[in-house]
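S.K.: model the following, please.
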Amino acid sequence: MATKFVGHFKLHKSENFEPFMEALGVNIALRKIGNLASPELRVEQIDDDHFLVKEWTMVTKHQWDFTLGNEFQDKTVDGRDVKTTINFDGECLVISEQPVGDTGSPVSFTWELVDENNIRITAKTKEVVAYRHFKRLES
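M.R.: Below is the predicted model:
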């Protein structure tokens, strides 16, 4: 199941992403940049439960090196300190971010493979939901 997410993907469509960032408390300048960015994702499976996910744009880079189910400390691209846990729930990869201190609200990202070449990421915080659609690129 996990191997179907392995590959190189690029954002091709976003829905409701700016209101999502606003609900997180992201300032207007970063929201404008974030809304214009077209991130790429590269997902690598190191071994059975160990993954490396790299996300980058022209101005930012972020990566998660994780083992499924193990909580780890992270600093998000927008500067929030979070404790992150990544697991599978059925056919979906679910990323849960819990704020550390007063750095915001809990966030969840649910990755689902729409077909072999398209991932839809559903991002939720508070009552706001955004969708990010990524297409697989040739490696």
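S.K.: need the contact list for the spatially most central residue of the chain.
M.R.: The structure's the chain has its C-alpha centroid closest to Phe109; by C-alpha atoms, centre = their mean the separation is 5.9 Å. Counting by C-beta atoms under 8 Å, 6 or more residues apart in numbering, Phe109 touches 94-95, 97, 121-124. Every C-beta, even on glycine, is put in place using the N, C-alpha and C of the backbone.
S.K.: check which element follows the helix-or-strand element of the chain with minimal mean pLDDT along the chain.
M.R.: Counting by mean pLDDT, DSSP states H and E, the chain has its least confident helix or strand at helix 28-36, which shows a mean of 90. As assigned by DSSP states H and E, the chain's next helix or strand after helix 28-36 is strand 40-47.
S.K.: now that next one, how far from the centre of its chain.
M.R.: In this view, strand 40-47 has its centroid 13 Å away from the chain centroid, taken as C-alpha atoms, centre = their mean, to the nearest Å.
S.K.: surely Glu71 touches Val82?
M.R.: No: in terms of C-beta atoms under 8 Å, Glu71 does not count as a neighbour of Val82; the distance is 10.0 Å.
S.K.: thinking again about what came up before, let's see the least confident helix or strand of the chain as CSV, backbone CA atoms only.
M.R.: Presented in CSV, the C-alpha positions along helix 28-36 are these (Å, rounded to 0.1, in the frame of the first residue of the first chain):
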residue,chain,number,x,y,z
ILE,A,28,-0.8,37.9,4.7
ALA,A,29,2.6,38.1,2.9
LEU,A,30,3.4,34.4,3.5
ARG,A,31,-0.2,33.5,2.5
LYS,A,32,0.2,35.2,-0.9
ILE,A,33,3.5,33.5,-1.5
GLY,A,34,2.1,30.1,-0.4
ASN,A,35,-0.9,30.5,-2.6
LEU,A,36,1.2,31.2,-5.7
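S.K.: residues contacting Ile95?
M.R.: When contacts are counted by C-beta under 8 Å, 6+ apart, Ile95 is found next to 84-86, 108-111.
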